[in-house]
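fold the following and give me the result.
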Amino acid sequence: TMTSKALRPLPDKHRGLTDPEARVRQRHLALLTSPRQRHLIEARSRAIQAVRERLLERGYLEVETPILQPVHGGANARPFRTHINAYDLDLYLRIAPELYLKRLVVGGLDRVFEIGRNFRNEGADSTHNPEFTMLEAYEAYGDYETMKTVIKDLVVASAQAALGTTVVRGTVNGVEHEVDLALPWRTVSVCDAVSHGLGEHVTSSTPLPVLRTYGERLGLRVDPAWGWGTLVQELYEHLAESSTVEPTFFSDFPAQTSPLTRPHRSDPVLAERWDLIVFGSEVGTAYSELVDPVIQRERLTAQSLAAASGDPEAMELDEAFLEALEQGMAPSGGMGLGIDRLVMMLTGSSIRETIAFPLVRPSR
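Numbers count the residues shown, from 1 in each chain. Modelled structure (predicted):
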């Protein structure tokens, strides 16, 4: 029985869609002709369901926060702008839900999470899409160590749900590797990672001129305006991040580059923050959250001054968030997990394959 009209023929049944651009622009044809494309969409769905179920089992409450925001905050990123005619007010598409979720923690919701879209006006490539899906979760009376346990639980559960195994494969520097996500994950401090990559001993007390010498030796374009923290992070990204294969928590970042993070309890030059790197790519990050309202106001004020001076990625001053923080926020651990990056890592695919409809350049 004919159920509907098909006015266009399908692609060649043997070759399918051979043009990579056509596979992205004509998603319906890619799904019709490629079992792999359907598998990726299904794997993404199962991974998200597993993340949600594990958080609910841990006692987290799923919430929703605004996508249209009067202040762009929660991350350093270039926002998309829009306008609401009813209030004659400029708004932003959110770059992160962080500051709203923290206000819920202030309000007594001790474990909250949101899985939703964020928007950053920063271009598109094989690992970035202007709109992307993130999980953010906050746990009162947790810290960045607590969130290590949480994210590993989520990643292992999503691998089992999406693939039926915890063994995944990925390519780093042209070499394919196999990793069992269920095995223990390493923790390496950022200073130790830089030391290992340089073959020099780097600590939080290493002088800035010495770091500049190391950067120039590596061929980095060292900006004279960079402080100690920015330069250490640049060295880390150059030396350690892209070559890391197994799941690794790179921990204790410079406080200078972590404005929403609590200072390290034993070294105020550092912050209680980690980034999770797998197959050379960041999958998630976590903090011991900065809950001191005085220090947080100082840091966000500095950010807002940078925004006023023309830095499009600097956070604006969110007075509503600061007023809530002045009410008193419990010490908390916060964690972000890139859902697109998670699916990419599990399936060995690009971001354009893991998103059903990625944003692409207009066809001519």
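
tell me what the lengthiest helix in the chain is packed against?
When every helix of the chain is counted residue by residue (DSSP state H), the longest turns out to be helix 35-57. Under the contact criterion of 3 or more Cβ pairs under 8 Å, 6 or more residues apart in numbering; DSSP states H and E, the helices and strands touching helix 35-57 comprise helix 27-33, strand 61-62, strand 111-119, strand 131-140, helix 144-163, helix 339-347, helix 351-354. The C-beta positions use only the backbone N, C-alpha and C, and glycine is treated the same way.

check what pLDDT Ala225 gets.
Taken from the predicted model, the pLDDT recorded for Ala225 is 89.

on the three-state scheme, it is what?
Reducing the assignment to helix, strand or coil with DSSP: H, G, I helix; E, B strand; the rest coil, the entry for Ala225 is coil.

which residue packs closest to Leu198, ignoring adjacent ones?
Tyr214 (5.6 Å; Cβ to Cβ, 6 or more residues apart in numbering).

can I get the CA coordinates of the host helix or strand of that neighbour in CSV?
Element membership of Tyr214, judged by DSSP states H and E, is helix 208-217. Once non-C-alpha atoms are left out, helix 208-217 reads as follows in CSV (Å, rounded to 0.1, in the frame of the first residue of the first chain):
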residue,chain,number,x,y,z
LEU,A,208,56.8,35.0,35.3
PRO,A,209,60.0,35.9,33.3
VAL,A,210,61.1,32.3,33.5
LEU,A,211,57.7,31.1,32.2
ARG,A,212,58.0,33.5,29.3
THR,A,213,61.4,32.0,28.4
TYR,A,214,59.8,28.6,28.3
GLY,A,215,56.9,29.8,26.1
GLU,A,216,59.3,31.4,23.6
ARG,A,217,61.4,28.3,23.5
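
for the helix or strand immediately after that helix in the chain, which helices and strands make contact with it?
Tracing the chain past helix 208-217, the next element assigned as helix or strand by DSSP H and E is helix 228-239. In this structure, helix 228-239 makes packing contacts with helix 190-198, helix 208-217, judged by 3+ Cβ pairs under 8 Å, 6+ apart.

can you list contacts of the very next helix or strand once past helix 228-239?
Proceeding N to C from helix 228-239, the next assigned helix or strand is strand 248-251, under DSSP H and E. By Cβ atoms under 8 Å, 6 or more residues apart in numbering, the residues outside strand 248-251 that reach it are 144, 148, 185-190, 193, 236, 240-241, 244, 273-278.

now list the buried members of the residues you listed.
Using 16 or more other Cβ atoms under 10 Å as the burial test, the contacts of strand 248-251 include 144, 148, 185, 188-190, 193, 236, 240-241, 244, 273-278 as buried.

tell me the buried residues in stretch 42-55?
Neighbour-count burial for stretch 42-55 flags Ala43, Arg44, Arg46, Ala47, Ile48, Ala50, Val51, Arg52, Arg54, Leu55 (criterion: 16+ other Cβ under 10 Å).

now the residues you listed as CSV including pLDDT?
Shown next, in CSV, are the buried residues of stretch 42-55 (pLDDT from 0 to 100):
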residue, pLDDT
Ala43, 96
Arg44, 97
Arg46, 98
Ala47, 98
Ile48, 98
Ala50, 98
Val51, 98
Arg52, 98
Arg54, 98
Leu55, 98
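
list just the nearest of these to Met344.
Distances from the buried residues of stretch 42-55 to Met344 were compared by Cβ to Cβ; the smallest belongs to Arg44, at 9.8 Å.

residue contacts, the closest residue to the closest one other than its chain neighbours?
With Cβ to Cβ, 6+ apart as the measure, Val343 is the residue that lies nearest to Arg44, at 4.7 Å, once sequence neighbours are left out. Going by Cβ under 8 Å, 6+ apart, Val343 touches Leu40, Ala43, Arg44, Ala47, Ala162, Ser349, Thr354.

from the residues you listed, which single one is nearest Tyr287?
The shortest gap between Tyr287 and any of these belongs to Ala47, at 23.6 Å (Cβ to Cβ).

quick check: which ranges of the stretch 251-364 of the chain have low pLDDT?
364 (pLDDT under 70).

where exactly do the helices run in it?
All helices of the stretch 251-364 of the chain, identified by DSSP state H, counting those that start in this stretch, fall at 293-308, 319-325, 339-347, 351-354.

gap between the longest one and the chain center?
For helix 293-308, the distance from its own C-alpha centre to the chain's C-alpha centre is 22 Å (Cα atoms, centre = their mean, to the nearest Å).

list the contacts of that helix.
Outside helix 293-308, the residues that touch it by Cβ under 8 Å, 6+ apart are 73, 76, 259-260, 263, 290, 314-318, 322, 325-326.

and with 7 Å instead?
By Cβ atoms under 7 Å, 6 or more residues apart in numbering, the surrounding residues in contact with helix 293-308 are Pro259, Leu290, Ala314, Met315, Glu316, Leu317, Asp318, Leu322, Leu325, Glu326.

can I get those residues in TSV with neighbour count and distance to Phe119?
Compiled in TSV, the contacts of helix 293-308 are given as follows (neighbours: other Cβ atoms under 10 Å; distance: Cβ to Cβ, whole Å):
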residue	neighbour count	distance to Phe119
Pro259	19	21
Leu290	25	24
Ala314	21	17
Met315	26	15
Glu316	18	16
Leu317	17	20
Asp318	22	17
Leu322	16	23
Leu325	24	25
Glu326	13	29
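
could those go into CSV alongside distance to Arg361?
Formatted as CSV, the contacts of helix 293-308 follow (distance: Cβ to Cβ, whole Å):
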residue, distance to Arg361
Pro259, 33
Leu290, 39
Ala314, 28
Met315, 29
Glu316, 30
Leu317, 35
Asp318, 34
Leu322, 40
Leu325, 41
Glu326, 46
